[in-house]
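Peer 1: No letters, just coordinates:
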Ligand SMILES: Cc1ncc(COP(=O)(O)O)c(C=O)c1O
């Protein structure tokens, strides 16, 4: 069936609110490629929004899922337990930053992971306040959208929003909210002084249950927070008796060249949230954290019908194996370096490429119209369109919609790296000359 005919059926049957970036209907996806129903082949640098880190239909994931599905698909952990749930908890606890004992809980989506992390933090501290940041994205359920920063399309239509959520400034260094580095050249948020002032003056230090931070703001524009800022958040949370929830739903599971983005700087959050790439497209989310914190809620306080579904867990265990066996943490760094080198080279030629940033294979390209850094959303739309026409799937992101995020599979081959570099450069040249 043609895309035009499918589009007609979609328009007549699916809500318009469920928007799609690319007007394509994939029929098959394998490794780094997607084929649409009209036979066009795409190199996929979207990977289902940071989900298929080990590539599409990885044989080990398919094998594990098929085996599990043919033994049993669902019983519900609240009814009867399965060993693989325990095994995945053990695996993730071992990956949790820090040496102390950890505990894990499984849900279905990133938003649910965040919601559960907030529930746990509130019980563990006996406090209610959650400090979230500008440019944050934490999901679309009621609590999660309240924690998300951007008004449209995520929050504005859905008032009233959840209570006891406070907003502090994220260290978006390219657009520093405080006028740039201090005289010492250090990031203005080096000691999180602004955050401390905002908390002490407007929230109350004894009201804060947790700071909820993305180490690389994903939907906000692939903005890495300086390690000094995260370290200062850690110290400040300890000082005032609050917790640090590290939202790694988009940045985790090897994307940045480490299991968690905070691993690059040996940082130790109290709770980590994970979803997306954890289970290669089978719905699963994890909340992992310090045992004393995670065990604050009592029996029955947490639960979910589908959370920790055995088929999704099988996919997750296989995904973790693939990342280890194929050495994909190292590969992520290699891939990221290749793309950053090419992009930095093009920056001199095209001043509209305002910033190239990121960690590992989580790279953002921010487009600006002039020296005042006016966001250039049109450039992003043009690059995405040119790339798609040439068979490369890209995704826009950013509070102002003026960032392209590169999310290649982490097992991209050398030949695929070359193909991606060539297609991306071609799309940038075509779009920026328009
Ligand atoms: C950092 C972060 N947290 C939470 C979420 C929500 O995840 P989900 O869409 O699975 O609910 C996302 C999704 O993009 C995310 O990037």
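Peer 2: Cool, got the structure. Computed from a prediction, not measured in an experiment: that's the story for all the values here. Residues are numbered from 1 along each chain as shown.
Peer 1: List the residues that contact the residue positioned nearest the centre of the chain.
Peer 2: Nearest to the mean C-alpha position of the chain, by Cα atoms, centre = their mean, lies residue 250 at 1.4 Å. Residue 250 makes contacts with 49, 50, 110, 214, 216, 218, 219, 276, 362, as judged by Cβ atoms under 8 Å, 6 or more residues apart in numbering. Where you see a C-beta, it was placed from the backbone N, CA and C, and this is true even at glycine.
Peer 1: Report the separation between the fourth one and residue 203.
Peer 2: Yep, that's residue 214 we're talking about. Residue 214 sits 20 Å away from residue 203, going by Cβ to Cβ, to the nearest Å.
Peer 1: ok so, going back, what's the farthest-apart pair in the contacts of residue 250?
Peer 2: 110 and 362 (15.3 Å; Cβ to Cβ).
Peer 1: more neighbours, these two?
Peer 2: residue 110 (28 against 24; other Cβ atoms under 10 Å).
Peer 1: Any chance of the backbone angles for the residue of the chain found nearest the ligand?
Peer 2: For the chain, the residue closest to the ligand is residue 110, as judged by Cβ to the nearest ligand atom, at 2.1 Å. When quoted as degrees, to the nearest 10, the phi and psi of residue 110 stand at phi -60, psi -40.
Peer 1: what's the answer for residue 378, then?
Peer 2: phi -60, psi -40.
Peer 1: Now do it: how many residues are near it, please.
Peer 2: By other Cβ under 10 Å, neighbour count at residue 378 equals 15.
Peer 1: any idea how far it lies from residue 432?
Peer 2: Counting by Cβ to Cβ, the gap from residue 378 to residue 432 is 11 Å.
Peer 1: Then residue 99?
Peer 2: 49 Å.
Peer 1: what about the two, which has more around it?
Peer 2: Applying other Cβ under 10 Å to residue 99 and residue 432 shows that residue 432 carries more neighbours, namely 19 against 7.
Peer 1: Show the backbone phi and psi for the nearest residue to the more buried one once chain neighbours are set aside.
Peer 2: The shortest distance from residue 432 to any non-neighbouring residue, by Cβ to Cβ, 6 or more residues apart in numbering, is to residue 350 (4.7 Å). The phi and psi values for residue 350, taken as degrees, to the nearest 10, are phi -120, psi 90.
Peer 1: same question, the one 5 residues further on
Peer 2: Backbone dihedrals for residue 355, given as degrees, to the nearest 10, come out at phi -150, psi 140.
Peer 1: For burial, what's the neighbour tally of it?
Peer 2: Residue 355, neighbours per other Cβ under 10 Å, totals 20.
Peer 1: which non-adjacent residue is nearest it?
Peer 2: residue 366 (4.1 Å).
Peer 1: What's opposite that neighbour in the beta bridge?
Peer 2: residue 355, residue 403 (DSSP bridges).
Peer 1: Write out the residues of this structure neighbouring the ligand.
Peer 2: 109-111, 114, 137-139, 214, 218-219, 247, 249-250, 275 (Cβ under 6 Å from any ligand atom).
Peer 1: change it to 5 Å
Peer 2: Neighbours of the ligand within the chain, by Cβ under 5 Å from any ligand atom: 109, 110, 111, 138, 139, 214, 218, 247, 249, 250, 275.
Peer 1: ok, now which ones touch the spatially closest residue to the fifth one that is not a sequence neighbour?
Peer 2: The shortest distance from residue 139 to any non-neighbouring residue, by Cβ to Cβ, 6+ apart, is to residue 111 (2.6 Å). Residues in contact with residue 111 (Cβ under 8 Å, 6+ apart) are 138, 139, 140, 141, 144.
Peer 1: Among those, which ones are in helices?
Peer 2: residue 144 (DSSP state H).
Peer 1: Kindly write the PyMOL command that selects the buried subset of the contacts of residue 111.
Peer 2: Remark: buried members of those, expressed as a PyMOL selection using 16 or more other Cβ atoms under 10 Å:
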select buried, resi 138+139+141+144
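Peer 1: Residue 2 versus residue 36, what's the distance?
Peer 2: 11 Å.
Peer 1: Compare those two (neighbour count), which wins?
Peer 2: residue 36 (18 against 10).
Peer 1: any idea how far residue 144 is from the closest residue in space to the more buried one that isn't next to it in sequence?
Peer 2: Using Cβ to Cβ, 6+ apart and skipping the chain neighbours, the partner closest in space to residue 36 is residue 24 (4.4 Å). To residue 144, residue 24 is 28 Å away according to Cβ to Cβ.
Peer 1: and if you look at residue 391?
Peer 2: 34 Å.
Peer 1: For the top helix by length along the chain, give the mean pLDDT please.
Peer 2: Ranked by residue count and defined by DSSP H, the top helix of the chain is helix 328-349. Mean per-residue pLDDT for helix 328-349: 97.
Peer 1: Buried residues, that helix. List them.
Peer 2: Here helix 328-349 shows 328-329, 331-336, 338-340, 342-343, 346 as buried, counting by 16+ other Cβ under 10 Å.
Peer 1: Relative to the whole chain's centre, how far out is it?
Peer 2: 19 Å (Cα atoms, centre = their mean, to the nearest Å).
Peer 1: Same question for stretch 126-136.
Peer 2: With Cα atoms, centre = their mean, you get 18 Å for stretch 126-136.
Peer 1: Could you work out the end-to-end span of it for me?
Peer 2: 25 Å (Cα to Cα, to the nearest Å).
Peer 1: mean confidence score for that stretch?
Peer 2: 98.
Peer 1: buried stuff in it?
Peer 2: 127, 129, 130, 131, 132, 133, 134, 135, 136.
Peer 1: Next, format the residues you listed as JSON lines and append distance to residue 18 and secondary structure.
Peer 2: Listed next are the buried residues of stretch 126-136 as JSON lines, based on distance: Cβ to Cβ, whole Å; DSSP: H, G, I helix; E, B strand; the rest coil:
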{"residue": "127", "distance to residue 18": "36", "secondary structure": "coil"}
{"residue": "129", "distance to residue 18": "33", "secondary structure": "strand"}
{"residue": "130", "distance to residue 18": "28", "secondary structure": "strand"}
{"residue": "131", "distance to residue 18": "31", "secondary structure": "strand"}
{"residue": "132", "distance to residue 18": "25", "secondary structure": "strand"}
{"residue": "133", "distance to residue 18": "27", "secondary structure": "strand"}
{"residue": "134", "distance to residue 18": "27", "secondary structure": "coil"}
{"residue": "135", "distance to residue 18": "24", "secondary structure": "coil"}
{"residue": "136", "distance to residue 18": "22", "secondary structure": "coil"}
